[in-house]
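[1] Here's my sequence, what's the structure:
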Amino acid sequence: MRVMPKLVSDDREVSSSLAIEFTRAVSRDGLWLPYRLELASGSRRSALEDTEGQIGRCWLGLSPQDELGRLVRLLDSLVAGTSPRVRFEPAEPNFSLEIEKAPEGWVVVCWLDAGNQISDHFTWDAMGVRFFTNLAALAEFRDALARESGRWSTGAADRR
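    Now for the predicted structure:
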């Protein structure tokens, strides 16, 4: 059974999270991986989804640049303790993810750029989530993304 990569807060009373689900790879001027990104905080939910016909696509590059692999490597640096902060934004800039070391865990901030989905330019119009998490949750998220990255490596993607 596949586990969808999900990063959860360590607050059990008002749980927050970000989850990403990947679909079938697309070959168009490179190899791309469509995704659905969902943010949650308490009972509130917001999602960024790939929809045909929208200007901004929810795609991570796999080739010639492997953005999913780059995200995994950034998370590696956090889990290994070699970096106190990372920032990730895909080539199709419709979300940004920042994770930073805090005294008792990690601060996660993720913004969805809704403007880039429906207009022809990147905007600062966004909504997001901010939460605290711990090293175990961060490592679990990294591992789930790494499994997805392995599924979509160049050789595997050709067989999907």
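[2] can you give me the strands in the protein?
    6-8, 16-22, 26-27, 31-41, 44-49, 59-63, 85-88, 95-102, 105-112, 127-133 (DSSP state E).
[3] would you list the ones you listed in JSON lines and tack on mean neighbour count and distance to D76?
    Any C-beta I mention is one placed from the backbone N, CA and C, and that applies to glycine too. Below are those laid out as JSON lines (neighbours: other CB atoms under 10 Å; distance: least, CB to CB, whole Å):
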{"stretch": "strand 6-8", "mean neighbour count": "20", "distance to D76": "15"}
{"stretch": "strand 16-22", "mean neighbour count": "20", "distance to D76": "17"}
{"stretch": "strand 26-27", "mean neighbour count": "14", "distance to D76": "26"}
{"stretch": "strand 31-41", "mean neighbour count": "20", "distance to D76": "19"}
{"stretch": "strand 44-49", "mean neighbour count": "14", "distance to D76": "24"}
{"stretch": "strand 59-63", "mean neighbour count": "21", "distance to D76": "17"}
{"stretch": "strand 85-88", "mean neighbour count": "14", "distance to D76": "10"}
{"stretch": "strand 95-102", "mean neighbour count": "18", "distance to D76": "12"}
{"stretch": "strand 105-112", "mean neighbour count": "20", "distance to D76": "14"}
{"stretch": "strand 127-133", "mean neighbour count": "18", "distance to D76": "16"}
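[4] can I get those strands in TSV with mean pLDDT and distance to S77?
    What follows is the strands of the chain, written out as TSV (pLDDT from 0 to 100; distance: least, CB to CB, whole Å):
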stretch	mean pLDDT	distance to S77
strand 6-8	97	16
strand 16-22	96	19
strand 26-27	90	29
strand 31-41	93	22
strand 44-49	89	25
strand 59-63	91	19
strand 85-88	97	7
strand 95-102	95	10
strand 105-112	95	13
strand 127-133	93	16
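[5] burial measure for the closest residue to G61 other than its chain neighbours, as a count.
    The spatial neighbour of G61 that comes closest, neighbours along the chain excluded (CB to CB, 6 or more residues apart in numbering), is E67 at 4.5 Å. E67 has 20 neighbouring residues, counting by other CB atoms under 10 Å.
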